[in-house]
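Novice: here's my sequence, what's the structure:
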Amino acid sequence: ARPPVVIPEIPNLVVAGDHVRGLDHGSAGLCQERAYVSGLAAANQILKVNGDGPLHPILDVEADEPQFAALQDAAKTAEKIADSFGLAGLLFRS
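Specialist: Residues are numbered from 1 along each chain as shown. Sure thing, here's the model as predicted:
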């Protein structure tokens, strides 16, 4: 099971990494961005408890740039076409 950033049952314990659950952030899946954000969330929790200084702002994920979104759409279309010929498993990994 993936732990949350804060584990209420264990005082003074915070968890960071791409494996934590319950982050209110747009980074999905297991990735370095999620690990970074969870580290900020864990550090902010320590600052809240200790009252040591300002919290670090956690910015949300920006929308994909138009050219990247267009390439994603093209890849999905190509995968559907390949699948109609029974080739999607050979050409595309999920």
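Novice: E62 and A69: what is the separation?
Specialist: Separation of E62 from A69 (C-beta to C-beta, to the nearest Å): 12 Å. Placement of C-beta: from N, CA and C, glycine included.
Novice: the two: which has the busier surroundings?
Specialist: The residue with more neighbours, out of E62 and A69, is A69; 11 against 7, by other C-beta atoms under 10 Å.
Novice: shaky segments in the protein?
Specialist: 1, 27-30, 88-94 (pLDDT under 70).
Novice: so which residues of this protein form helices?
Specialist: Secondary structure of the chain (DSSP state H): helices at 32-50, 66-84, 88-91.
Novice: of those, flag the one that's most buried.
Specialist: helix 32-50 (a mean of 16; mean count of other C-beta atoms under 10 Å).
Novice: not counting that helix itself, show me its contacts.
Specialist: 5-6, 12, 14-18, 20, 23, 25, 27-28, 52-56, 58, 61 (C-beta atoms under 8 Å, 6 or more residues apart in numbering).
Novice: can you say which of the residues you listed are buried?
Specialist: If you count burial by 16 or more other C-beta atoms under 10 Å, the buried members of these come out as V5, V6, V14, V15, A16, D18, V20, L23, H25, S27.
Novice: can you put those residues in CSV and add distance to D83?
Specialist: Shown next, in CSV, are the buried ones among the contacts of helix 32-50 (distance: C-beta to C-beta, whole Å):
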residue, distance to D83
V5, 39
V6, 43
V14, 44
V15, 39
A16, 39
D18, 30
V20, 35
L23, 33
H25, 32
S27, 29
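Novice: going by distance to E79, which of those wins?
Specialist: The closest of these to E79 turns out to be S27 (C-beta to C-beta; 23.8 Å).
Novice: roughly how far apart are the most far-flung residue of the chain relative to its centre and T77?
Specialist: Within the chain, F85 marks the point farthest from the mean C-alpha position, 33.8 Å out by C-alpha atoms, centre = their mean. F85 sits 14 Å away from T77, taking C-beta to C-beta as the criterion.
Novice: residue contacts, C31?
Specialist: Residues near C31 by C-beta under 8 Å, 6+ apart: D18.
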